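Chemist: Return atomic coordinates for the entry below.
(one chain, ligands or ions: 1)
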Amino acid sequence: MKEKITYKKVDVENTFHDPRQDFQPTVVKTHVRYDPLTGKTGHFSHFGAIKPQQLDLEKYLDPQVKGFCPFCGAGREANTPKFPREILPEGRLAKGEALLVPNIFPYDVYSSVCVMTQGHVVPLEQFSFDQLFDSFVVGLEFLKRVKALDSSLPYQIMGWNYMPPSGGGLVHPHQQYFATGQPGNQFAEELRASELFYENYHLDYWLELVTVEQKTGERYIGQQGDSHWLASYVSLGMLGEIVGVFPGVYCIDDFSEANVSELVSGLQKIFSYFSHKVIFSFNASLFFGPGGQQFFPAHFRIVPRTFLNTRDFAPDLNFFQAVLQEPVSVVLPEDLCREVKTFF
Ligand SMILES: [Zn+2]
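Modeler: Numbers count the residues shown, from 1 in each chain. Below is the predicted model of the structure:
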């Protein structure tokens, strides 16, 4: 019987006379993988050639470097906007150190920023469980309320840029939560492909993926409560990608506080791995499909980011991602899995 999920890979060999080895013929092997859901390709090359760069976090506290931060101290009450009463009667949502406010640079009709901490610079290892938990709780509360208020925007997204290599404009930890009708190309393609898989096999692709990955173990990192954590077969990031799947959570309304705890537990383990690997920056997102379907469960995606060097701050994205829309990774997902697993 034909496998429902297939892993396709094309090996590439490149030969040249290497000046580093007295011009002896040298063969370099790379490969291209096809995402088993969408069929989109990703290149794997340059293995081990790119090392994450250490950031000088102290520097970000230097008043000269820091400049004005709207999220710092008592200023965050005075400097951040409030929602109109019709959207959020309280104006803002608060829990512990987390404060959710409108995004002054909105992405859609309902667009918010969650200021996660009082502190301006929070190293990954110092994020407390409560700081992370409270931030997700207020962010999800906002998205759930927006969904009840206006059903015309069916998709909910959490986006998170942490530290400057990720493209984050502010060092102060913050996440973005917004509802939208246009969730981005990656989301839209995965949603479409998940629906097609469901039509073909009457199965949730993501659940099937977890089952298959659990069996082979090559990319299966571990479980936190009901959530499953995997290294993606095709990585969106230069240094790999980790996905957390929440089987059966087909609608944001079903994402419980227990799910938030599982998410935070998984995240803290990944943060320990990042700290161990000197990874100081990442992009992350939490995706929710539209209600009423049974093929696109909530999932979380995290991609490490780094400058290639801190001499001229070259970013880890280049023509491949910018104009070919092709991910390139220098880390094999199977190696990433093996390393992250020891932290789970
Ligand atoms: Zn700040």
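
Chemist: For Ile5, grab phi and psi.
Modeler: Dihedral pair for Ile5: phi -110, psi 120, per degrees, to the nearest 10.

Chemist: Distance check, it against the ion.
Modeler: Per CB to the ion, to the nearest Å, Ile5 is found 44 Å from the ion. The C-beta positions use only the backbone N, C-alpha and C, and glycine is treated the same way.

Chemist: now swap in Gly139 and tell me
Modeler: Gly139 sits 18 Å away from the ion, going by CB to the ion.

Chemist: same thing with Gln53?
Modeler: Distance from Gln53 to the ion, by CB to the ion: 23 Å.

Chemist: quick check, that residue in a helix?
Modeler: No - counting by DSSP: H, G, I helix; E, B strand; the rest coil, Gln53 falls outside a helix, being coil.

Chemist: ok, now which ones touch it?
Modeler: Pro165, Val278, Phe280, Thr306, Phe307, Leu308, Asn309, Thr310 (CB atoms under 8 Å, 6 or more residues apart in numbering).

Chemist: Let's see that with 6 Å instead.
Modeler: For Gln53, the contacting residues are Thr306, Phe307, Thr310, by CB atoms under 6 Å, 6 or more residues apart in numbering.

Chemist: and the nearest residue to the first one once chain neighbours are set aside, what does it touch?
Modeler: Yep, that's Thr306 we're talking about. Of all residues not flanking Thr306 in the chain, Pro52 sits nearest, at 4.2 Å (CB to CB, 6 or more residues apart in numbering). Pro52 makes contact with Val278, Ile279, Thr306 under the criterion CB under 6 Å, 6+ apart.

Chemist: One more pass at 8 Å, please.
Modeler: Contacts of Pro52 by CB under 8 Å, 6+ apart are Leu239, Lys277, Val278, Ile279, Phe280, Pro304, Thr306.

Chemist: Just the buried ones from these, in ChimeraX syntax?
Modeler: The ChimeraX selection below is limited to those of these classed as buried (16 or more other CB atoms under 10 Å):
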select :239,277,279,280,304,306
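
Chemist: Which of the contacts of Pro52 sits closest to Ile252?
Modeler: Nearest to Ile252 out of the contacts of Pro52 is Pro304 (CB to CB; 26.4 Å).

Chemist: show me where this structure has helices.
Modeler: 63-66, 75-79, 129-149, 185-201, 205-216, 257-276, 319-323, 333-341 (DSSP state H).

Chemist: What pLDDT is listed against the residue nearest to Thr306?
Modeler: At Pro52, the model reports a pLDDT of 92.

Chemist: quick revisit: now mean pLDDT too, for the helices of the chain, in CSV please.
Modeler: Conversion of the helices of the chain to CSV gives the following (pLDDT from 0 to 100):
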stretch, mean pLDDT
helix 63-66, 88
helix 75-79, 90
helix 129-149, 98
helix 185-201, 97
helix 205-216, 97
helix 257-276, 98
helix 319-323, 94
helix 333-341, 98
